[in-house]
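In: I would like the atomic coordinates for the input below:
(2 chains)
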Amino acid sequence: MDKEFFLANYRHSMAHVLAKAVIELWGSDVQYAIGPQVDDGFYYDFKLDHMITKDDYKAIENKMREILKRKEAWTRKEVSRAEALDLFKGQKYKIEIIEDLPEDATLSIYYTGDDFVDLCRGPHIDNSQELLGVAFQIKFVSGSYWRGDEHNDQLQRVYVYAFPDKQQLKDHLDMIREAMERDHKKLGAEMELFMFHETAPGMPYWLPKGWKLFNALLDYWRNEHVPHNYQEISGPVLSEKQLWITSGHWAHYQNGMFIAPIDENTTYAIKPMNCPNAINVYRSTKRSYKELPLRYSQVDVIHRREKSGELNGLFRVQEFHQDDAHIFVTEDQIEDEIADIMDIAKTIYATFGLTYTAELSTRPDDFMGDIALWDQAEASLKSILTKKFGADGFEINEGDGAFYGPKIDLGMRDCLGRQWQMGTIQLDFQLPLNFNLKYVAPDGTEKQPVLIHRAIFGSFERFIGILIENFKGQFPFWLAPVQVGIVPIRPEHNAYAKKLADLMMKNHIRFEVDYSDQNMKNKIKKYKLGRIPYVLVVGEKEAEQNTVAVNIRGVKDNLFGVPVEAFMQGVAEMNEAHSLELKTAF
RNA sequence: GCUGCUAUGGCGCAGUCGGUAGCGCGCAUCCUUGGUAAGGAUGAGGUCACCGGUUCAAAUCCGGUUAGCAGCUCCA
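Out: Coordinates of the predicted model:
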């Protein structure tokens, strides 16, 4: 039996044991819904009057162990749809599942002992004793919605960790603990990168160090776009309501917008997206086919209202900066342009050593526009993705596209394995129509361009959150908010430290010097805790020889007597190359 | 928005049975003048998130609000 099959099989089987335990504990009026396996175990959704809390965990775990010790046989039976409906009488979620199946369907059910039956495709174990060695522990209980729809019943979801043995469970719990240590919310406060204030929920305050990082990232991003012929623009944050009516946001996105009434006749709204800005710039003059593709990039701040429970550090905010661009193309330029964007994304992500997944979202039911154009666009996107990732290298979400066009999304995972949407490439046939965009074709007729919305980071905020967790706060040299810390051993060495500081300033190295009369050990400790890549310790020897002693982040042994010019040249090279690793020799 | 949980000096936390608050780090002052991650002494700093209720008395009990955390839903 291969390992993956074994994992899935016992986790899935354990979910049945959990359901049986909950029913035995809280009675037969428990409604049990579904219980699939997940990456680190399984869960099961229930509806019951009793609110399951932490105090119940032990009782549930004990009941599960008790059930396993009964060594009951698991028997599979095949039943007709009608028999199944009768068997699960009173279980509304099971009934709903069964009723969705075709009339003539044959269903498989599994008995655990004589008294518990669950609807299930299987496969399962043959006897509970096969599960006696499984190490499991309740993770937590949370709310969930029946069939993932917030309009349906709210259920109680019991998550359980489950591993083949105790050691693997312990390793996993250790891993989770370690992951919490690099949570960007924790590190962001510790490293003084950003903060929040109660008066502006989900709107980050960037602290001096965080803003340095932000700007280092922005500089890099701007430079990467120069060879791809992007032009950066900036537009108003507030616009009169009429603009949003034209764009369709007023009708489709109003509850995601912050709205500012001025007087009875005037209402402004804060932009949730940059598109209308780029469109107005496009429309400001008559456009020729010779100008296309026309690429406007934009990093203005945008605001989107989120429901209260949805905010999450920098990952989910109400005020953020997208690394946005709007590209106006002819229909036959779409494929090349998308390919160019994918190349930019690949280069940029590689600089950070990040791995990502690609997803294609296709035409939804409520699509707008010409179906032939949709088909052609989807085919283009699919062909590019196949070229870049292979036929199986990306996922397709059928019908998940926006009503105005299909899209490619690029996703990454945070420290707890949660998937976040980062980069996005969206084709838009609708806005050019709403704003009546035109260009003059070679034959002198007016044609409509296609609009491509795209972001590589997704948003600077979310991307920085991912970077913090990915690097555990130990940023590559070029990105580090403070790149070099200078520690004079005694106050009489401050003059030499000042000389070094001036040199750093001249060479645009981000640095700090500690001129205080503290113990040098304390100064070094402060910089080490700040995860500064290089701490330069200087005393008499260094001042005499014009050298520095270099304490390298993550390296035990220090470098002594490094000539100042050699160090400066080394760090300049790292900045230039956007190196991931720190140099350990100069 | 939904389910559960949380809120005590700048940060991390303690505070039992209701009797108006403590610890560590940090900060300030002084001493120590140091060669690579915590030298010593003294001191300052808190309407216990906010509003209301119960009580002779509330950080503590109850209700509400706000903000945050995990999950769901939604999203860059």
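In: for A:Ala358, give its distance to RNA strand B.
Out: Applying Cβ to the nearest atom of the strand, to the nearest Å, the value for A:Ala358 to RNA strand B is 12 Å. Using the backbone N, CA and C atoms, a C-beta is placed for each residue, glycine as well.
In: actually, A:Ser128.
Out: From A:Ser128 to RNA strand B the distance is 28 Å (Cβ to the nearest atom of the strand).
In: contact partners for A:Lys92?
Out: A:Lys92 sits next to A:Gln31 when contact means Cβ atoms under 8 Å, 6 or more residues apart in numbering.
In: hmm, try it at 10 Å
Out: By Cβ atoms under 10 Å, 6 or more residues apart in numbering, the contact list for A:Lys92 reads A:Gln31, A:Ala33, A:Lys47, A:Trp146, A:Asp153.
In: report pLDDT for the first one.
Out: Residue-level confidence at A:Gln31 comes out at 93, pLDDT.
In: same deal with the last one?
Out: Per-residue confidence (pLDDT) for A:Asp153: 92.
In: report how many residues lie close to A:Asn470.
Out: 20 (other Cβ atoms under 10 Å).
In: what's the neighbour count on the residue lying closest to it once chain neighbours are set aside?
Out: Of all residues not flanking A:Asn470 in the chain, A:Leu354 sits nearest, at 6.4 Å (Cβ to Cβ, 6 or more residues apart in numbering). Per other Cβ under 10 Å, the neighbour tally for A:Leu354 reads 16.
In: A:His578 now?
Out: Residues within reach of A:His578, counting by other Cβ under 10 Å, total 18.
In: same thing with A:Leu385?
Out: Using other Cβ under 10 Å, A:Leu385 has 21 neighbouring residues.
In: A:Pro261 too?
Out: As a burial measure, A:Pro261 scores 11 neighbours (other Cβ under 10 Å).
In: please tell me how far the nearest residue to it once chain neighbours are set aside sits from A:Arg147.
Out: Among residues not flanking A:Pro261 along the chain, A:Thr267 sits closest, at 4.9 Å (Cβ to Cβ, 6+ apart). Here the criterion is Cβ to Cβ, to the nearest Å. By it, A:Thr267 lies 38 Å from A:Arg147.
In: same check, this time on A:Gly393
Out: 30 Å.
In: looking at those two, which is more packed in?
Out: Of the pair A:Gly393 and A:Arg147, A:Arg147 is the one with more neighbours under other Cβ under 10 Å, namely 15 against 12.
In: so the residue nearest to A:Pro261 belongs to a strand, correct?
Out: Yes. Counting by DSSP: H, G, I helix; E, B strand; the rest coil, A:Thr267 is found in a strand.
In: now do the contacts for it.
Out: With contact set as Cβ under 10 Å, 6+ apart, A:Thr267 has these partners: A:Glu240, A:Lys241, A:Gln242, A:Trp244, A:Trp250, A:Ile259, A:Ala260, A:Pro261.
In: what are the buried residues along the helix or strand the third one falls within?
Out: So the one you mean is A:Gln242. Secondary structure assignment for A:Gln242, by DSSP states H and E: helix A:241-247. Burial within helix A:241-247, assessed by neighbour count using 16 or more other Cβ atoms under 10 Å, is assigned to A:Lys241, A:Leu243, A:Trp244, A:Ser247.
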